[in-house]
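> sequence first, then the predicted structure:
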Amino acid sequence: MNFDEIVANRRSIRSYNPEKKVSKEQIFEIIKTAQEAPSWKNSQTGRYYVVMNDNKLKEVREALHPQNQIVTKDVNALIITTFVKNRSGFDKNGTPDNELGNGWGCYDLGLQNAYLCLKACQMGIDSIILGLRDADKLRDVLDIPETQEVVAVIALGYRNIDDVKMPPRKEISEIVKLYE
């Protein structure tokens, strides 16, 4: 698949095939691609907590919003993404370089998460990024240090549905202000 095909085919999948499993090797390949995303001053603050163990998966699911517990019930891999606080968007003395401060860590992680999901799609693996979660529970279950901000849970698996339609997108004229 070329890039445009990957972007056109990638969808947030909410129903997964419990018989098809994502491998550890596939996940490492996907995360390796995510690492290629740009980051503020090459700070590379994104971190990944990959859960494939059945008992840990159950604990992580319990930290998700009830609807997301249903969505993830048939996946064998959940990735909790975090970023190291007070590095991306900050100078060496710990002072924010602009008004966004840790917003840059979140921005950088968003780029990595996009690369992650696009690489998964290229490999035929589906995903969904989940934001409704209890960060404190995830921190406890996975021993995530306070120096990291918990951002998202990404489910990886193989869809259990055939046709997933893209919701309509706004017209370019609605989102672009062009200065010529």
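Okay, I see it.
> list the buried residues in the longest helix seen in the chain.
In the chain, taking DSSP state H as the definition, the longest helix is helix 103-122. Neighbour counts over helix 103-122 (16 or more other Cβ atoms under 10 Å) mark 104-110, 112-113, 115-122 as buried. For glycine as for every other residue, the C-beta is placed from the backbone atoms N, C-alpha and C.
> list the buried residues for the helix or strand bottoming out on mean pLDDT in the chain?
Lowest on mean pLDDT, DSSP states H and E among the helices and strands of the chain sits helix 3-9, with a mean of 94. For helix 3-9, a neighbour-count test (16+ other Cβ under 10 Å) marks residue 6 as buried.
> give the buried residues for the helix or strand that it is followed by.
Downstream of helix 3-9, the next assigned helix or strand under DSSP states H and E is helix 24-34. Within helix 24-34, the residues scored as buried using 16+ other Cβ under 10 Å are 26-27, 30-31, 33-34.
> centroid residue for the chain?
When Cα atoms, centre = their mean is applied to the chain, the residue found nearest the centroid is residue 113 (4.0 Å).
> distance-wise, check it relative to residue 127.
Residue 113 is 9 Å from residue 127, where distance means Cβ to Cβ, to the nearest Å.
> list the residues that contact both of these two?
Common neighbours of residue 113 and residue 127, counting by Cβ atoms under 8 Å, 6 or more residues apart in numbering, are residue 154.
> could you work out the end-to-end span of stretch 120-137 for me?
The first and last residues of stretch 120-137 sit 27 Å apart, counting by Cα to Cα, to the nearest Å.
> if you count neighbours, what's buried in that stretch?
120-122, 125-130, 133.
> ok, now stretch 36-52?
37, 39-40, 43-52.
> in helices, which of these appear?
Per DSSP H, the buried residues of stretch 36-52 never map to helices.
> for this structure, longest strand please?
strand 148-157 (DSSP state E).
> and the next helix or strand after it, what other elements does it pack with?
Next along the chain after strand 148-157, taking DSSP H and E as the criterion, comes helix 172-175. Packed against helix 172-175, as judged by 3 or more Cβ pairs under 8 Å, 6 or more residues apart in numbering; DSSP states H and E, are no other helices or strands.
> what is the distance between helix 172-175 and the centre of its chain?
26 Å (Cα atoms, centre = their mean, to the nearest Å).
> got the CA coordinates for that helix in PDB?
Extracted in PDB, the C-alpha atoms of helix 172-175 (Å, rounded to 0.1, in the frame of the first residue of the first chain):
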ATOM      1  CA  ILE A 172     -11.100  22.100   2.900                       C
ATOM      2  CA  SER A 173     -12.600  25.600   2.600                       C
ATOM      3  CA  GLU A 174     -14.100  25.200   6.100                       C
ATOM      4  CA  ILE A 175     -10.700  24.500   7.700                       C
END
